[in-house]
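Asker: got a predicted structure plus its sequence, pasted below:
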Amino acid sequence: MGLFDAYSYKGKRAVVVGGATGMGAAVAEVVKDAGAEVVVMDRAEVTLDGVKALRLDLADKASIDTAVDECGGPIHALFSCAGVADGTPGIEKINFIGHRYMIGRLLERDLLPRGSAIGMISSAAGMGWESNLDKILAYLEITDFDEASTWCQENGRADYMWSKQVMGAYVASQALPMLKRGIRINAIMPGPTNTPLAQANAEQWLGFGADYREEAGIEASTPLEQAFPLVFLCSDAAAGVTGITMLTDAGFFGTGVSRSFPTATEAVKFLRGDYGPL
């Protein structure tokens, strides 16, 4: 074996939740090409050849239980890629609660062996979760599926940004307990990416940071450009990496934090809830 084999998925079994379209579909394609046996779970039709397709509705706890039963194990790489936009009924379940519940069920059944990894898709909109940490940690203590959903509904937090901020804190908080079981967990935080979800909300999702991309001479990311770092994070090549949320936004927020691009700086202030000097 060569050193580069650490990037391979040969002999591994990968599950891609939300792998029918967008970034999830790109992840499924990449890990399949890297040699994995691939299971794709989604509500939508799965069109990628050579994978096992299972129907899954993350807003429905019973559907998650059925998918886990049908999938079995071992699962060497779990990619939690499904997500929806604001205005979608059950967004708090689909974007976070359902993913967390599935991870819990897989752990209960020992379907994630030592050496396995979990990769989640958060969002650059989840940046700044540290500034809401106390509230988020209190929310994460609500582990019941329905109770967590009710809390979001009653507290005006059934929205995209909250779910993505919560995911960042969840990943960080789970680094140690997961590692004790030999499991790594990480997430990426994509900037504007040209997916079907983004196209359905193009003015908001693909318009964000447009002036930065024009200045840099680049387009919005492709799903494949987001899949590559997520697949890396779940490969053996990233064995020393866990508990992180990797910004994959073409540098937009980095220029904001460093105050080298004014629009990005204002965006960082907004996400951190900080309207004073950065």
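Answerer: Now that the structure is in, tell me what you want to look at. Numbering: from 1, shown residues only.
Asker: quick one, longest helix in this structure?
Answerer: Across the chain, the longest stretch assigned as helix under DSSP state H is helix 160-180.
Asker: just the buried positions in that helix, please.
Answerer: 160-175, 178 (16 or more other CB atoms under 10 Å). C-betas here are computed from N, CA, C, even on glycine.
Asker: going along the chain, name the strands of the protein.
Answerer: Along the chain, counting by DSSP state E, strands occupy 13-17, 37-42, 52-55, 77-80, 117-121, 184-190, 245-248.
Asker: just list what the last one packs against, helices and strands only.
Answerer: Contact partners of strand 245-248 among helices and strands, from 3 or more CB pairs under 8 Å, 6 or more residues apart in numbering; DSSP states H and E: helix 160-180, strand 184-190, helix 223-233.
Asker: quick one: contacts of it?
Answerer: Defining contact as CB atoms under 8 Å, 6 or more residues apart in numbering, one finds that strand 245-248 is touched by 122, 124, 126-127, 167-168, 171-172, 186-191, 221, 225-226, 229, 233, 253-254.
Asker: narrow those residues to those that are buried.
Answerer: Using 16+ other CB under 10 Å, the buried ones in the contacts of strand 245-248 are 122, 124, 126-127, 167-168, 171-172, 186-191, 221, 225-226, 229, 233, 253.
Asker: other SSEs contacting the lowest-mean-pLDDT helix or strand in the chain?
Answerer: Least confident helix or strand, the chain: helix 202-205 with a mean of 71, by mean pLDDT, DSSP states H and E. Contact here means 3+ CB pairs under 8 Å, 6+ apart; on that basis helix 202-205 packs against no helix or strand.
Asker: gap between that helix and the chain center?
Answerer: Its chain's C-alpha centre and that of helix 202-205 lie 20 Å apart, by CA atoms, centre = their mean, to the nearest Å.
Asker: cool, stretch 184-191 as well?
Answerer: For stretch 184-191 - counting by CA atoms, centre = their mean - the centre lies 6 Å from the chain centre.
Asker: below-threshold pLDDT in the stretch 151-278 of the chain: ranges please.
Answerer: Applying pLDDT under 70 to the stretch 151-278 of the chain flags the ranges 205, 273-278.
Asker: got the residue ranges for the helices in this structure?
Answerer: 22-33, 61-71, 91-92, 98-108, 133-140, 145-154, 160-180, 196-200, 202-205, 210-216, 223-233, 252-257, 262-272.
Asker: deepest in the core, which of those is it.
Answerer: helix 22-33 (a mean of 25; mean count of other CB atoms under 10 Å).
Asker: what's near enough to touch the closest residue to Gly83 other than its chain neighbours?
Answerer: Counting by CB to CB, 6 or more residues apart in numbering, Asn95 is the residue found nearest to Gly83 once chain neighbours are left out, at 5.0 Å. Neighbour list for Asn95: 82-84, 160, 163-164, 167 [criterion: CB under 8 Å, 6+ apart].
Asker: also Ile97?
Answerer: Applying CB under 8 Å, 6+ apart, the residues near Ile97 are 58, 145, 148-149.
Asker: show me the contact partners of the least confident helix or strand of the chain.
Answerer: Here helix 202-205 makes contact (CB under 8 Å, 6+ apart) with 85, 192, 197-198.
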